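**Student:** heads up, no residue letters with this:
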């Protein structure tokens, strides 16, 4: 058996949570391999809306094992709030959820450092969510981090040393803060965390594969926020690409199976950083309104624009995508004309390869396609797709060289159409 990987191909917020929930019945084990609690995966079914930040999106399907991998950074307090809310809705996580001992802990002082670093950057700020994720990954790489497994080994001593180091940095930045109340809640959350199954996840996941169990790995954020291949420095602090699954779960590259790449029929971005196809006009506002483009965790308004095929082709290549999943196609239902960026104009020259750096001087080169002007939200099979929508899908498949296997026509679990089904 191999691990199938599901990840975002744009700047995050592509709708990964819903797709994991839809695909979960086909798998025995669902895992998260990177990211922190800034990644809000929204799922809607049975008239209810759920937002997951750190917990894998397979948690709603009974009998499935869910694993938070070593590549994730975990805030015990936010985790406790998330898990308690799910328990109140009737989902008992203690039997289903396992947490890697090698996952790093977000400390209260990490949040303070996040805010202090952003304040120090002034107009050059990244636009982080302030959850302490970047500073936690910094500690991980500098070999100063605390891990979930440390809860079982001299934790108080290790915590005091980490806190003292952070406080010295905060003092040097002249940053005022008070973490007394936050810290008390955080320690209370640590006790809550201990009731879960804390595991050596690399052994557990590989043993599941050996036993013939099917595993789905869920990424957070999106390819264009990858620390190595994204729009640096306006990126997250982890490897969001398929390779991050190997390091974030402890599985070898030869054990990667299908790679599901998720993208929106248009494009969005949250926070600062370049966004070549961003629209600042009425069309951009319309995309935002129709797509309800506000962060599920932060509530921040997302920047909106047309689909960017230069970036998308790059993401398909980097990840080795084998199947594409298009989300939010219904948002474009009312548009007369759909645009797609097929090249960038840089210093007067058209380029189709994603460059070393993207900035505000890049001019997108668009092709225009006819809109389908049809309400697709009630459709249940591809036989009902309008001709113009099929033409849009064919155009994307030709440009990207990968089949669009799944199309989402609304937020609900049921509003998901699987294509190329065998009779």
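**Tutor:** Looks like it arrived, so ask away. None of these values were measured; they are calculated from a predicted model.
**Student:** mind listing the helices for the stretch 201-350 of the chain?
**Tutor:** With helices called from DSSP state H, counting those that start in this stretch, the stretch 201-350 of the chain shows them at 201-210, 243-249, 282-290, 309-319.
**Student:** What residues of the second one count as buried?
**Tutor:** Neighbour counts over helix 243-249 (16 or more other CB atoms under 10 Å) mark 243-246, 248-249 as buried. For the C-beta atoms, the positions are set from N, CA and C on the backbone; glycine is no exception.
**Student:** quick one: which two of those are the most distant?
**Tutor:** 243 and 249 (11.3 Å; CB to CB).
**Student:** Could I get the phi/psi values of the closest residue to residue 337 other than its chain neighbours?
**Tutor:** Distance criterion CB to CB, 6 or more residues apart in numbering; nearest residue to residue 337, sequence neighbours excluded, is residue 368 at 5.2 Å. Main-chain torsions, residue 368, degrees, to the nearest 10: phi -110, psi 140.
**Student:** going forward can the numbers begin at 831, since that is how I track them
**Tutor:** I'll keep to 831 as the first residue from here, and by that count the last item is residue 1198.
**Student:** tell me, how many neighbours does residue 1198 end up with?
**Tutor:** By the measure other CB atoms under 10 Å, the count of residues near residue 1198 is 11.
**Student:** list the contacts for it?
**Tutor:** If you count contacts by CB atoms under 8 Å, 6 or more residues apart in numbering, residue 1198 has them with 1167-1169.
**Student:** And the buried ones among these, selectable in ChimeraX?
**Tutor:** Here is the ChimeraX selection string for the buried members of the contacts of residue 1198, based on 16+ other CB under 10 Å:
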select :1168,1169
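**Student:** got the contacts of residue 1198 as a markdown table, with distance to residue 990 columns?
**Tutor:** Listed next are these as a markdown table, based on distance: CB to CB, whole Å:
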| residue | distance to residue 990 |
| --- | --- |
| 1167 | 61 |
| 1168 | 57 |
| 1169 | 56 |
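**Student:** Take the contacts of residue 1198 and keep only those in strands.
**Tutor:** In strands, judged by DSSP state E, the following of those are found: 1167-1169.
**Student:** Among the residues you listed, which one sits closest to residue 1054?
**Tutor:** Among these, and counting by CB to CB, the member closest to residue 1054 is residue 1169, at 18.8 Å.
**Student:** which residues does that closest one bridge with?
**Tutor:** residue 1198 (DSSP bridges).
**Student:** Enumerate every residue touching it.
**Tutor:** Residues near residue 1169 by CB under 8 Å, 6+ apart: 1136-1137, 1196-1199.
**Student:** Neighbours of residue 878, how many?
**Tutor:** Neighbours of residue 878 under the rule other CB under 10 Å: 9.
**Student:** Specify the beta-bridge partners of it.
**Tutor:** Going by DSSP bridges, residue 878 forms beta bridges with residue 875.
**Student:** State the distance from residue 1052 to residue 878.
**Tutor:** Note on residue 1052: its distance to residue 878, by CB to CB, to the nearest Å, is 26 Å.
**Student:** before we move on, what about residue 887?
**Tutor:** Using CB to CB, residue 887 is found at 14 Å from residue 878.
**Student:** and what of residue 962?
**Tutor:** 29 Å.
**Student:** okay, and the helix or strand of the protein with the least pLDDT?
**Tutor:** Least confident helix or strand, the chain: strand 871-875 with a mean of 66, by mean pLDDT, DSSP states H and E.
**Student:** so where's the stretch 1081-1230 of the chain uncertain?
**Tutor:** Across the stretch 1081-1230 of the chain, residues meeting the criterion (pLDDT under 70) sit at 1126-1128.
**Student:** 80 - rerun?
**Tutor:** 1101, 1125-1130 (pLDDT under 80).
**Student:** Nearest residue to residue 907 in space, please, no chain neighbours.
**Tutor:** Residue nearest to residue 907 in three dimensions, not counting chain neighbours: residue 1019, with 4.3 Å by CB to CB, 6+ apart.
**Student:** List the contacts of that neighbour.
**Tutor:** 906-907, 909-910.
**Student:** can we see that at 6 Å?
**Tutor:** 906-907, 910 (CB atoms under 6 Å, 6 or more residues apart in numbering).
**Student:** By neighbour count, which of those wins?
**Tutor:** Going by other CB under 10 Å, residue 906 tops the contacts of residue 1019 with 24 neighbours.
**Student:** Could you report the neighbour count for residue 1212?
**Tutor:** Around residue 1212 there are 15 other residues, counting by other CB under 10 Å.
**Student:** again, but for residue 1111
**Tutor:** When neighbours are counted by other CB under 10 Å, residue 1111 registers 7.
**Student:** What of the one 3 residues further on?
**Tutor:** Per other CB under 10 Å, the neighbour tally for residue 1114 reads 19.
**Student:** ok, it - contacts?
**Tutor:** Residue 1114 makes contacts with residue 1134, as judged by CB under 6 Å, 6+ apart.
**Student:** what about it, distance to residue 1206?
**Tutor:** Remark: distance between residue 1114 and residue 1206 (CB to CB) = 21 Å.
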